[in-house]
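Q: Sharing a model that was predicted from the sequence below.
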Amino acid sequence: MSDPGSVSGGTGLEAAAAAGVDQASHLDDSSQKQRRPRSLWSDAWQELRRKPTFIISLVIIVIVVVMAIWPSLFTSVDPRHANLDKSLATPSSEAWFGYDLQGYDVYARAMYGARASLLVGIFSTILTVLIGSFVGIIAGYAKTWIDSVLSRFADIFAGIPFVLGAIVILTTLNAPSENPGVVRIVTQVVLSIAVLSWPVAMRIMRSATLVAKQQDYVKAARGLGASPLRIVFRHLLPNTVAPVMVYATIALGAFIGAEATLAFLGIGLRPPVVSWGVMISESRDYFQSAPHMLLFPAGFVTVTVLAFVMLGDAVRDALDPKSR
């Protein structure tokens with residue numbers, strides 16, 4: 001007969017051994033998870049979450065986006081409802097930002113004006129990045145006479161002063177006495193900004209492509225017989241898009257400011273469109289008598305542009321391992 005003590009001792013040793021194996025396998029799994037490589041965007045997100053400037057700018061941008069999509073959440077006043085009895089009235093409990101010359105509620109127009117300003121900025125940025133990235137990646141990968149021609153073509157547009165070029169384009173498309181429709185003038189402003197701004201995105205993409213195409217994975221793909229289109233879209237584009245995205249974030253804020261500039265000059269958006277730039281343009285002759293007409297829309301433009309610039313700086317630092 002077997003000894004009960006030896007049986008229980010053996011069972012205890014087996015249980016301890018099993019527990020040790022389980023613990024060792026758990027440690028191996030956890031160490032493998034810790035050693036698992038993370039992507040560039042994953043590392044960037046971990047870095048961004050610890051940046052106060054990123055959180056602050058993101059909160060401001062989210063508020064502006066919500067304001068542009070659902071302005072009725074912030075005010076129940078019709079931005080086109082005029083009350084001449086309250087013309088140029090100062091801010092009060094009834095109208096937080098006061099009234100303009102036509103008796104419009106400045107606060108309501110500021111809420112609804114976010115939509116047009118943001119749309120111009122977004123569409124201008126998308127079009128600028130698409131044109132610049134397409135031309136830049138072709139110029140960087142070709143590195144032949146094609147690169148020289150595209151680079152000189154970009155230099156022509158880069159040498160045109162932005163304001164002067166926009167004045168020429170918009171005044172050529174619209175007669176001085178003509179009042180184009182909403183869709184037409186928004187499209188023209190977006191095209192004007194994109195035509196005059198794409199060389200910057202092109203140069204950024206071209207530089208990133210010149211560096212990326214020297215990497216081993218591109219040489220290996222070329223050696224295996226991959227077509228140029230496959231190399232460009234499968235290998236180069238995913239590894240060159242980061243610096244262009246940083247530029248796009250900063251440029252979006254700059255284009256919102258550009259919309260306000262063009263509207264102030266009288267060649268951009270105009271009534272009946274409600275935008276921050278249009279509000280600034282309408283206030284230029286009444287700053288001394290009614291400064292609130294200018295200060296509040298200008299404040300929205302300034303804060304929004306600053307938020308996008310802060311976001312772009314944070315994203316740039318997070319995507320650059322050398323800055324950590």
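A: Right, received. Where do you want to start? Residues are numbered from 1 along each chain as shown.
Q: all helices for this structure, in order.
A: Along the chain, the segments classed as helices by DSSP state H run 4-35, 40-48, 52-69, 106-142, 145-158, 162-173, 182-212, 216-223, 228-230, 237-264, 276-282, 292-319.
Q: ok, for residue 174, nearest residue in space, not its chain neighbours?
A: Nearest-residue entry for residue 174: residue 180, 5.5 Å, with adjacent residues in sequence omitted and distances by C-beta to C-beta, 6 or more residues apart in numbering. Every C-beta, even on glycine, is put in place using the N, C-alpha and C of the backbone.
Q: Wait, that neighbour touches residue 186, no?
A: No - with contacts counted by C-beta atoms under 8 Å, residue 180 stays clear of residue 186, the gap being 9.3 Å.
Q: Quick check on these two: which one has the bigger neighbour count.
A: Just comparing residue 180 and residue 186: by other C-beta atoms under 10 Å the higher neighbour count belongs to residue 186, 20 against 15.
Q: ok, the more buried one - contacts?
A: For residue 186, the residues meeting the contact criterion (C-beta atoms under 8 Å, 6 or more residues apart in numbering) are 116, 119-120, 269, 273.
Q: pLDDT at the residue nearest the centre of the chain, what is it?
A: The chain has residue 249 as the residue nearest its centroid, 3.1 Å off, counting by C-alpha atoms, centre = their mean. For residue 249, the model assigns a pLDDT of 91.
Q: Give me the distance between the closest residue to residue 230 other than its chain neighbours and residue 212.
A: Of all residues beyond its chain neighbours, the one nearest residue 230 is residue 221 (7.3 Å), with distances taken as C-beta to C-beta, 6+ apart. Using C-beta to C-beta, to the nearest Å, one obtains 12 Å as the distance from residue 221 to residue 212.
Q: list residues touching both of those two?
A: Common neighbours of residue 221 and residue 212 (criterion: C-beta under 8 Å, 6+ apart): residue 235.
Q: Any regions of the stretch 151-300 of the chain where pLDDT drops low?
A: 176-177 (pLDDT under 70).
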